[in-house]
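Novice: here you go, sequence then predicted model.
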Amino acid sequence: MPSLPARLHQHDIPSRGINKPGSTMSLLPALLLLVPVPSFSLILPPSQKIKMGMGEQLKDECEDLSYDYDLPFFYGEGISEGHEVGKHLFESLTECAPEGGGLVFYPEYENYAGALEKVSATLEQCKDLTGMSCTLTHWPDTPATCLRFEAMPDVPLYDKEGDDDIESQIEDTKQYVDNTLSGLGLCPFTKSMKLSALGLESSGVQSGPVQVRHASKALSSPTSKAAAMARMYWEGVNDILALPETEVATFLLVCPSLNFKDYFTICDRLIEPCNCLAPGAVGRVWFHPEYKLSEVGYQSGGHAPPLSELKGLMTSYTEKHPVGTPPDSDMERAHDLVRWTPHPTINLLRPKQLEVAREQDTKGLRGEVYPRNVVRILKAEKEGETFGLPKRE
């Protein structure tokens, strides 16, 4: 970022006695102009300005800086929580593309554990995905914490689906829940679109419906597929934290059409690292019509457990149940099919659901569910009823 213009505002310099004859303070303005100082170093920190009722002045200074750069101005007024930053930041990012960039300010966010440094570094590393480079500055170099976005060349924009395709993909996903997920019993807590998080009442979790959203729905400006996904993700995070369980138990977020590698690259390089803004706020699971764990090559938050773990769980499972151990190739294929959805999809889970899941893991639930799902899929294939899953080639 070029050096930002230093500026002195008359209302920021004490005026009492400055022009009084014989006053030593009469020299202060001239001396200030002779001393090189960082931009905005003579202005109060943003938190102090807000406490002193100077919030509008601070906002004006941020907007002035945007005018200097001829870039759109986005101001996170009243935003103090990390999940709120995530939502506002990626909403702003998706609005930047038509204007070539933008300045996004956070005057009240306290930047816990350097989260914005981590997010800014992630965004800069992902500029080939989002189409925007990112630079972070703090007071006194800027009036308030500021992320500056600049458009990158040659990053394709998201050619949004038409209304009919959007509705069709949402309906496909609802059918997946009612027919595939529920028909095969792959999730022990979901019975249908209307009933999810079942059987957890004793742990303080109420059941509720599954909600399906599509990345195209909220977009009003051209942007990249990665930015559209991240925006939908953070809007979902904020809503699942705000809405009651009886209104939404879990979200299924339908993403733009992407091959598996491009999809998990966005999930793992962009979305997963930015969860440092709200650690532990939600659980996330990646699904895809071409899901193949072996292509990932590493373990990350939203992916299926490694095949090596599944084999160990299967050994214990077959000792308790009268089923044979499937060949490794069948086990791997069925394990991938558990993460199949008709379209690239992110599943958001409530934090309380995660707590209960961890508690039940200690009681052996994980050791039952993963191998049981493999057995059920292979049995369904053998019987010729796959409940909507792709047929074995």
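Specialist: The structure has been received and is ready for your questions.
Novice: this protein: strands as residue ranges?
Specialist: Taking DSSP state E to define them, one finds strands in the chain at 73-75, 101-106, 132-137, 145-151, 210-214, 250-254, 283-287, 345-349.
Novice: for the shortest one, which helices and strands make contact with it?
Specialist: In this case it means strand 73-75. helix 55-69, helix 82-96, strand 101-106 (3 or more CB pairs under 8 Å, 6 or more residues apart in numbering; DSSP states H and E). Quick note: C-beta positions are derived from backbone N, CA and C, even for glycine.
Novice: now with 10 Å, please.
Specialist: helix 55-69, helix 82-96, strand 101-106, strand 145-151 (3 or more CB pairs under 10 Å, 6 or more residues apart in numbering; DSSP states H and E).
Novice: just the fourth one next, same as before
Specialist: In terms of contacts (3+ CB pairs under 10 Å, 6+ apart), strand 145-151 is packed against helix 55-69, strand 73-75, helix 82-96, strand 101-106, helix 115-125, helix 127-130, strand 132-137.
Novice: again, 6 Å this time
Specialist: strand 101-106, strand 132-137 (3 or more CB pairs under 6 Å, 6 or more residues apart in numbering; DSSP states H and E).
Novice: wait, which of those strands is closest to residue 195?
Specialist: Residue 195 lies closest, by CB to CB, to one member of those: strand 101-106, at 39.4 Å.
Novice: tell me what angle the closest one forms with strand 145-151.
Specialist: Going by axes from the mean of the first three to the mean of the last three CA atoms, to 10 degrees, strand 101-106 is angled at 160 degrees with respect to strand 145-151.
Novice: contacting residues around strand 101-106?
Specialist: Residues outside strand 101-106 that contact it (CB atoms under 6 Å, 6 or more residues apart in numbering): 62, 66, 71-72, 74-76, 92, 96, 144-151.
Novice: separation between the spatially closest residue to residue 119 that is not a sequence neighbour and residue 123?
Specialist: Leaving aside its sequence neighbours, residue 119 sits nearest to residue 274 (CB to CB, 6 or more residues apart in numbering; 5.3 Å). Counting by CB to CB, to the nearest Å, the gap from residue 274 to residue 123 is 8 Å.
Novice: for residue 303, see how far away the residue nearest to residue 119 is.
Specialist: From residue 274 to residue 303 the distance is 17 Å (CB to CB).
Novice: buried deepest among the helices and strands packed on strand 145-151, which one?
Specialist: strand 101-106 (a mean of 24; mean count of other CB atoms under 10 Å).
Novice: residue 252 contacts residue 214, doesn't it?
Specialist: No. With contact defined as CB atoms under 6 Å, residue 252 and residue 214 do not form a contacting pair (9.8 Å).
Novice: how near is residue 196 to residue 205?
Specialist: Residue 196 is 10 Å from residue 205, by CB to CB.
Novice: what does residue 168 give?
Specialist: Distance of residue 168 to residue 205, computed by CB to CB: 32 Å.
Novice: and the helices and strands packed on strand 145-151 as CSV, adding mean pLDDT and distance to residue 337?
Specialist: Putting the helices and strands packed on strand 145-151 into CSV (pLDDT from 0 to 100; distance: least, CB to CB, whole Å) gives the following:
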stretch, mean pLDDT, distance to residue 337
strand 101-106, 98, 41
strand 132-137, 98, 36
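Novice: and these as JSON lines, adding distance to residue 270?
Specialist: Formatted as JSON lines, the helices and strands packed on strand 145-151 follow (distance: least, CB to CB, whole Å):
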{"stretch": "strand 101-106", "distance to residue 270": "16"}
{"stretch": "strand 132-137", "distance to residue 270": "11"}
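Novice: of all these, which one is nearest residue 266?
Specialist: strand 132-137 (13.9 Å).
Novice: I'm done for today, thanks for sticking with me.
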